[in-house]
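A.B. asks: Using only what follows, build the 3D model:
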Amino acid sequence: MANTNGNGGSAAAENKAPAINVLAQYAKDLSFENPNAPRSLAPRQTAPQIEINVNVNARKVGDTDFEVELVIEGQAKDADSLIFRVDLTYGGGFRVVNIPEDQIHPIVMIECPRLLFPFARHIVADAVRNGGFPPLMIDPVDFAALYRARAEEAAQQGAKA
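C.D. replies: So this is what the prediction gives:
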């Protein structure tokens with residue numbers, strides 16, 4: 001006797017739907033530096049120069065499981081010194097099922113960090129605010145563009161070799 005879900009389809013067919021499941025999220029490494037405090041907390045005449053770098057790393061940890069790391073490095077400088085620096089490696093465990101093999105890499109490198117980003121952004125904003133500065137609100141990141149740029153860079157490296 002077949003197990004049906006009430007609309008003529010079987011439960012087995014229902015389990016063939018593509019899925020990305022978040023298994024865990026965690027701050028793997030967090031650092032905030034305010035090397036010139038309390039002098040760095042004084043009011044400024046000009047806005048500091050803010051630099052933010054975002055990177056994604058991933059590794060397979062099981063047949064369908066991946067660890068994805070979202071690495072955010074930010075700093076504020078003025079003309080003569082570092083005001084603050086914040087570094088966060090925010091990780092997530094993901095299960096990717098029923099997705100064609102050729103689509104797994106882009107899914108892991110684009111969709112997984114997209115799911116992690118709001119949480120990592122919040123941690124960075126809080127760390128900077130707790131360091132005595134206005135929260136650093138990072139603009140949304142286009143992880144698809146980041147993935148394409150990284151793939152293009154890898155292709156250029158391969159062409160040089």
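A.B. asks: Please, where are all the helices along the protein?
C.D. replies: Taking DSSP state H, the helices of the chain run over residues 11-14, 101-106, 112-130, 143-160.
A.B. asks: hey, which helix or strand in the protein has the poorest pLDDT?
C.D. replies: Taking mean pLDDT, DSSP states H and E as the measure, helix 11-14 is the helix or strand of the chain with the lowest mean score, a mean of 50.
A.B. asks: Report the central residue of the chain.
C.D. replies: Centroid check for the chain by C-alpha atoms, centre = their mean gives residue 70 as the closest residue, at 3.0 Å.
A.B. asks: That one reaches residue 110, doesn't it?
C.D. replies: No. Counting by C-beta atoms under 8 Å, residue 70 sits too far from residue 110 to count as a contact (11.8 Å). (Each C-beta comes from the backbone N, C-alpha and C, glycine too.)
A.B. asks: Neighbours of residue 145, how many?
C.D. replies: By other C-beta atoms under 10 Å, the residues close to residue 145 number 10.
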